[in-house]
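Novice: This is a predicted model, with the sequence first.
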Amino acid sequence: MARLQLPVEATKSRSGLHAARSIILVIHGDSVRVIDKPTHPGRGTYSRGTAGLAEVDVPEGGVLVHAWLILNPRGHVKGLLRVYDSSGKLVLAARLSRRKIRRIMGDSSYAWAVEKAVDYLKLSKHVRRYNWRTGVQEVGA
């Protein structure tokens, strides 16, 4: 079991047109645990709202998905989704842009965790298709 310290935030711009959201999902079997409250204070992307760092334990045999999302005034969402295994190692990174999720780096066998996170966060209307054949196979290569 690994202990990770990751940023979480729910902030909005001063005008209220832009919003940033960073959330952690711990997936173990069929259960999904959401962590969206920071345990240590910190700065966010925008001025309004809460932001900070959260300490998370990844259970043995489970994965952790860290989703960082930005909403623009037109209602389009873009962001980054990272998957960590039970040892705390980054195993998959994917980018959400133009309604597509593409692999940046890592092992595409963890794609199920990203798809489960997208369904759980109700981002399905913002995702048209997935592409797991792009990017670098090895993390850190």
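Specialist: Looks like it arrived, so ask away.

Novice: if I've got this straight, Lys125 is in a helix?
Specialist: Yes - applying DSSP: H, G, I helix; E, B strand; the rest coil, one finds Lys125 inside a helix.

Novice: Give the burial count for it, as a bare number.
Specialist: 9 (other C-beta atoms under 10 Å). In this view, the C-beta of every residue, glycine as well, is placed from N, C-alpha and C.

Novice: Could you list the low-pLDDT ranges of this protein?
Specialist: Where the chain drops to pLDDT under 70, the residues are 138-141.

Novice: Run through the bridge partners of the residue nearest the centre of the chain.
Specialist: The centre of the chain sits closest to Ala67, judged by C-alpha atoms, centre = their mean, with a distance of 1.3 Å. Bridge pairing for Ala67 (DSSP bridges) gives the partners Ile23, Leu81.

Novice: Verify the contact between it and Val77 for me.
Specialist: No - taking contacts as C-beta atoms under 8 Å, Ala67 lies outside contact range of Val77: 10.3 Å.

Novice: which residues are common contacts for these two?
Specialist: Counting by C-beta atoms under 8 Å, 6 or more residues apart in numbering, Ala67 and Val77 have no shared contacts at all.

Novice: and Ser97, how many neighbours?
Specialist: The burial count for Ser97: 12, using other C-beta under 10 Å.

Novice: What distance do you get for it to Ser108?
Specialist: Computed as C-beta to C-beta, to the nearest Å, the Ser97 to Ser108 distance reads 18 Å.

Novice: what's near enough to touch the residue nearest to the centre of the chain?
Specialist: Contacts of Ala67 (C-beta under 8 Å, 6+ apart): Arg21, Ser22, Ile23, Ile24, Leu25, Gly79, Leu80, Leu81, Ala117, Leu121.

Novice: change it to 7 Å
Specialist: Ser22, Ile23, Leu25, Gly79, Leu81, Ala117, Leu121 (C-beta atoms under 7 Å, 6 or more residues apart in numbering).

Novice: Now do the strands in this protein.
Specialist: Under the criterion DSSP state E, the chain contains strands at 2-12, 19-28, 31-35, 40-41, 48-58, 63-71, 77-84, 90-97, 100-106, 129-131.
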